[in-house]
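Student: return atomic coordinates for the entry below.
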Amino acid sequence: MESLLAYVVADPRRLLAAAVVLVVLVGAVARSRGSAGPVQKDAQRLFTADQCRRIHERAQNQCEHNPWLGGRCSAAGTQADHVYPHAKGGATSLANAQSLCARHNRAKSARVPSPFYIWRLEHRRRSYFPDGERAKVNWHQPSQLG
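Tutor: As a prediction, the model looks like this:
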C-alpha cells in the first residue's frame, strides 16, 4: 500500500488523477445515499382529457417554456407536462401542470426544475392566464398538503 501511495504522490499528474477519481467516487456514493427510499407517486399518472384541455386553454395553446429571460416559446403547446415530474413524486394536478411543445417536453424529460425556473413560470403566467386562474405551481400530492 505504501508503494502505491508513493507512486501516486511522486507525480503531480498521478496525484491529480487520483484526486479526480476520489471526488467522483464520493459524489456517486453521496447520490446513492441521498434517496430516503422509494418515492411516493400520485396514483393518477396521466392527465385526463379534460385536464389536458384546461392546461392548454389556460396557456392560450402556446408552449409555456421560456428559452430566454423574456417571452415564451412560439410553438403550440401540444403536450401536458408535470412541472415537478411524476417520477419524482409530483402530483397529476392542474397546479403542477404546464403546456409544452414536443421539443421542450422531450428536453425537460423527468428533470426537476430549478426554483428560478418555477419563479419565472409563475411570473410569466400572470400575463396570459385567465382571470381567477392561479399561476402558482404546487407540485405536492393532496395527501402531502397536510
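Student: host element of the residue most central in space within the chain?
Tutor: When the chain is reduced to its mean C-alpha position, the closest residue under Cα atoms, centre = their mean turns out to be residue 112, at 1.9 Å. In this structure, residue 112 is located outside every helix and strand according to DSSP states H and E.
Student: in contact with it, which residues?
Tutor: For residue 112, the contacting residues are 84, 85, 88, by Cβ atoms under 8 Å, 6 or more residues apart in numbering. To be clear about C-beta, it is placed using only N, CA and C from the backbone, and glycine gets the same treatment.
Student: let me see the ranges of the helices in this protein.
Tutor: In order along the chain, the chain carries the following helices (DSSP state H): 2-10, 12-33, 49-58, 102-108, 115-128.
Student: correct me if wrong: residue 111 contacts residue 85.
Tutor: Yes. Applying Cβ atoms under 8 Å, one finds residue 111 in contact with residue 85, separated by 7.1 Å.
Student: comparing those two, which residue is more hemmed in?
Tutor: A side-by-side neighbour count of residue 111 and residue 85, using other Cβ atoms under 10 Å, places residue 85 first with 19 against 11.
Student: helices and strands of this protein: which one has the lowest mean pLDDT?
Tutor: Across the helices and strands of the chain, mean confidence by mean pLDDT, DSSP states H and E is lowest for helix 12-33: a mean of 60.
Student: distance of residue 112 relative to residue 90?
Tutor: Counting by Cβ to Cβ, to the nearest Å, the gap between residue 112 and residue 90 amounts to 9 Å.
Student: okay then, goodbye and thanks.
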